[in-house]
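# from the sequence below, what's the structure:
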Amino acid sequence: MRTLHLSTICAALLFFFASTANAIELKDYYANANNKKGAELKTALYGIIHKHTNIGYDGLLSAYHESDRRADGYLRDWYSNATKYVIGGPKENHSYQGEGDSYNREHLVPQSWFGTGDMKSDLVQVVPSDGYVNNRRGNFPMGENKGETYSSKNKYSKVGACTVSGYSGQCFEPNDEIKGDIARIYFYVLACYENLHPTWTGGTASQFFDGQKYPGLKPWALKMLLRWAKQDPVDNVERARNEVVYEKQKNRNPFVDYPSLCEYVWGDSVSYVFDVTQPHGQIETDIPDNPVDPDPDDPDNPDNPDEPYVNPEAKSGTIVLSDLTWTATSHPTYGEGFTATANGLTISYYIGEGSVTPVNVGQYDELRFYDKSVLVISGAVVTGVTFYDNGGSKSGCNIMIGGSSHTFSSGKITWTGSMNPFVCTATKQIRMNTIDVTVKSAIPTSVNSLDDTPSFRVAYDLRGVRVGRGAPLRRGTYLVREGKRTKKMIVK
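Coordinates of the predicted model:
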């Protein structure tokens, strides 16, 4: 085992952003937050960033010339990717009848939730957005939905019933590419306005905020925002905006300066004190290990239970269900069932809400997939599944996948998409023995031009998403391809 500090890896980026006219030493700016964790860390951040310059509501429009200018010179619209607004042009605060008519100032934490005060003009949380889409958002809480109520052009933003466990009311879903930005802004608001947020009850605020100083958010909302922050890491656009905020308001968003800070306040690192001398508040522990073994019993290196596991040995191919060795299992949601492994994947099916007990498939040459039973394929990002009818399936049977119904045609059902784990539900009785499964490879099977750089490494998170070359910069567990060798890396 070897322990490496990330300071060398991040030095170039930190030097770039520290070279602005308002250059500061982050470790000095955040000194009062050093060696703190959880609620105490949140309060320390409040003491650092709460007092700031109020640039005024009109001052926001002037600030957007610097804080939210795209590379092509147009306005960075947070809610639409189909607009080209000239910053300060005739469409600023103009009337609107549809998307693209005008842009205005959007309070990511709705003003109806908090009322007045510095929050109304806080450049961190008041961003430019299309006026019409902003109006459709209203004061709905942030969440995830299917867009059944409204979707902006290109389905960039959506409104619908929340699908996040713990809340089912109407919500607004921003695009994936800014979910992390928004999560870190909400974390900033919780720290910067720690003296106020427990009193926010306007609109639907009480569905999102818990009325407590700590943690401050409802469990469903906190878990979702922590997930958003991981899935959409800090980028240079976000860092550059943070510098403009510091220039205008004389405070910063600490969750941009330290991307893993939210984990030390609310997440998987609340038992660790935060170290402001580390560029990302963490160290890297490189452990050569079998990536299939996630060390579940090692308290010093916990895997993130919210991240679906990706087995680097998973592969596409045909799976003959009657050839598998099935064992009894159970699931807290789906109930009793059976599980087996094939092609590096775990295949499980559960009774669900059905009244008929499934037959132990090990005794037959087919899987009898009963009404409301659930079939789960995990261990990789599944991009396609073909089900083959074994004959004898009941009339009108189909399979529900991702909220859509699929019916057998010419003896098979073919689905394509992206899901990990892949989950589907049967209606009536389906008899099948063979399925074709296509998966996305978590680790490349080979690499080219290794001589170009001796330290060539590619890191993937446990969802199989590539997170870059070199060392990952966020706390978590990763699979790393180094030459032809695969190993597990845990970043503390």
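# list the helices and strands the regular element (helix or strand) spanning residue 341 packs on?
According to DSSP states H and E, residue 341 maps onto strand 335-342. Packing contacts for strand 335-342, counted by 3 or more C-beta pairs under 8 Å, 6 or more residues apart in numbering; DSSP states H and E, involve strand 327-331, strand 345-350. Where you see a C-beta, it was placed from the backbone N, CA and C, and this is true even at glycine.
# out of these, deepest packed?
Among these, strand 345-350 has the highest mean neighbour count (mean count of other C-beta atoms under 10 Å), at a mean of 23.
# circling back to that earlier point, as TSV, the helices and strands packed on strand 335-342 with distance to residue 376 would be great.
Output for these, formatted as TSV (distance: least, C-beta to C-beta, whole Å):
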stretch	distance to residue 376
strand 327-331	8
strand 345-350	5
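# ok, of those, where does mean pLDDT dip lowest?
Ranked by mean pLDDT, the helices and strands packed on strand 335-342 end with strand 327-331 in last place, scoring a mean of 85.
# paired strands for it, with orientation please.
As defined by DSSP bridges, the strand partners of strand 327-331 come to strand 335-342 (antiparallel).
# who wins for proximity to residue 104 among the helices and strands packed on strand 335-342?
Nearest to residue 104 among the helices and strands packed on strand 335-342 is strand 327-331 (46.6 Å), distances taken as C-beta to C-beta.
# mind checking how far the strand holding residue 341 is from the chain centre?
28 Å (C-alpha atoms, centre = their mean, to the nearest Å).
# contact partners of the biggest helix by length in the chain?
As assigned by DSSP state H, the longest helix anywhere in the chain is helix 176-192. Contact with helix 176-192 is made by 42, 45-46, 49-50, 52, 78, 108-109, 119, 122, 124-125, 142, 174, 197, 216-217, 225-226, 228-234, 238, 251, 253-256, 261-262, 265-266, as judged by C-beta atoms under 8 Å, 6 or more residues apart in numbering.
# just want the angle from the strand holding residue 341 to strand 345-350.
Angle, strand 335-342 to strand 345-350, by axes from the mean of the first three to the mean of the last three C-alpha atoms, to 10 degrees: 160 degrees.
# low-confidence stretches in the stretch 151-300 of the chain?
Applying pLDDT under 70 to the stretch 151-300 of the chain flags the ranges 279-300.
# redo that, cut-off 50
Flagging of the stretch 151-300 of the chain using pLDDT under 50 yields the residue ranges 281-300.
# could you pull out the helices for it?
Using DSSP state H, counting those that start in this stretch, the helices of the stretch 151-300 of the chain run over 176-192, 205-208, 219-231, 236-249, 254-257, 261-265.
# closest to residue 351 out of those helices?
Closest to residue 351 of the helices of the stretch 151-300 of the chain is helix 219-231 (C-beta to C-beta; 26.9 Å).
# from the contact counts, what lies against the closest one?
helix 176-192, helix 261-265.
# quick one: residue 142 from residue 98, how far?
Note on residue 142: its distance to residue 98, by C-beta to C-beta, to the nearest Å, is 23 Å.
# ah, wrong one, I meant residue 315
Using C-beta to C-beta, residue 315 is found at 48 Å from residue 98.
# quick check: domain ranges of this protein?
Following automatic domain parsing, one finds the domains of the chain at 43-265, 284-310+443-491, 317-440.
# just say which of those domains is most tucked in.
Neighbour counts (mean count of other C-beta under 10 Å) averaged over each of the domains of the chain peak at domain 43-265, with a mean of 19.
# and the angle for the longest strand along the chain with strand 345-350?
The strand that spans the most residues within the chain, counting by DSSP state E, is strand 430-440. With the same axes, to 10 degrees defining the directions, strand 430-440 sits at 150 degrees from strand 345-350.
# packing partners of strand 430-440?
Helices and strands touching strand 430-440, by 3+ C-beta pairs under 8 Å, 6+ apart, are strand 317-320, strand 367-369, strand 381-389.
# hey, least reliable of those strands by pLDDT?
strand 367-369 (a mean of 81).
# strands paired with it, and their directions?
When DSSP bridges is applied, strand 367-369 pairs with strand 430-440 (antiparallel).
# ok, residues contacting the strand it pairs with?
314-322, 343, 345, 365-370, 377, 380-394, 397, 399, 418, 464.
# so how far is it from its chain's centroid?
Counting by C-alpha atoms, centre = their mean, strand 430-440 comes out at 28 Å from the chain centroid.
# one more: stretch 178-189?
Worked out by C-alpha atoms, centre = their mean, stretch 178-189 lies 12 Å from the chain centre.
# re earlier: and the helices and strands packed on helix 219-231 as CSV, adding distance to residue 36?
What follows is those, written out as CSV (distance: least, C-beta to C-beta, whole Å):
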stretch, distance to residue 36
helix 176-192, 12
helix 261-265, 8
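# do you know which of the ones you listed lies nearest residue 243?
Smallest distance to residue 243 across the helices and strands packed on helix 219-231 (C-beta to C-beta): 14.7 Å, for helix 176-192.
# average pLDDT across the strand holding residue 341?
For strand 335-342, the mean pLDDT works out to 88.
# ok, now stretch 82-97?
Mean predicted confidence for stretch 82-97 is 96.
# any idea how far apart the tips of it sit?
From its first residue to its last, stretch 82-97 covers 15 Å (C-alpha to C-alpha, to the nearest Å).
# re earlier: TSV for the helices and strands packed on strand 430-440, including distance to residue 332?
Formatted as TSV, the helices and strands packed on strand 430-440 follow (distance: least, C-beta to C-beta, whole Å):
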stretch	distance to residue 332
strand 317-320	25
strand 367-369	21
strand 381-389	22
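# ok, which of those strands comes nearest residue 162?
Closest approach to residue 162 among these (C-beta to C-beta): strand 381-389, 24.1 Å.
# and the angle from the closest one to strand 430-440?
Going by the same axes, to 10 degrees, strand 381-389 is angled at 150 degrees with respect to strand 430-440.
# which outside residues touch strand 381-389?
Counting by C-beta under 8 Å, 6+ apart, 310, 377, 399, 408, 411-422, 424, 430-440, 442, 463-464 sit against strand 381-389.
# check which element follows that strand along the chain.
strand 398-401.
# elements contacting that following strand?
strand 404-407, strand 412-419, strand 422-427.
# closest one to residue 351 among those?
The closest of the helices and strands packed on strand 398-401 to residue 351 is strand 422-427. By C-beta to C-beta, the value is 10.9 Å.
# report the inter-axis angle for that closest one versus strand 412-419.
Using the same axes, to 10 degrees, strand 422-427 lies at 140 degrees relative to strand 412-419.
# so what are the sheet partners of strand 422-427 and their directions?
Note on strand 422-427: by DSSP bridges, its sheet partners are strand 374-378 (antiparallel), strand 398-401 (antiparallel).
# residue 103 bridge partners, please.
Per DSSP bridges, the residues bridged to residue 103 are residue 92, residue 130.
# do I have it right that residue 277 meets residue 27?
Yes - the criterion here is C-beta atoms under 8 Å, and residue 277 meets it with residue 27 at 5.2 Å.
# what touches both of the two?
Common neighbours of residue 277 and residue 27 (criterion: C-beta under 8 Å, 6+ apart): residue 34.
# thinking again about what came up before, go through the domains of the chain and name the closest to residue 273.
Nearest to residue 273, of all those, is domain 43-265, at 7.8 Å by C-beta to C-beta.
# distance from the chain centre to that closest one, please.
Offset of domain 43-265 from its chain centre (C-alpha atoms, centre = their mean): 16 Å.
# same deal with stretch 257-271?
Using C-alpha atoms, centre = their mean, the offset of stretch 257-271 from its chain centre is 15 Å.
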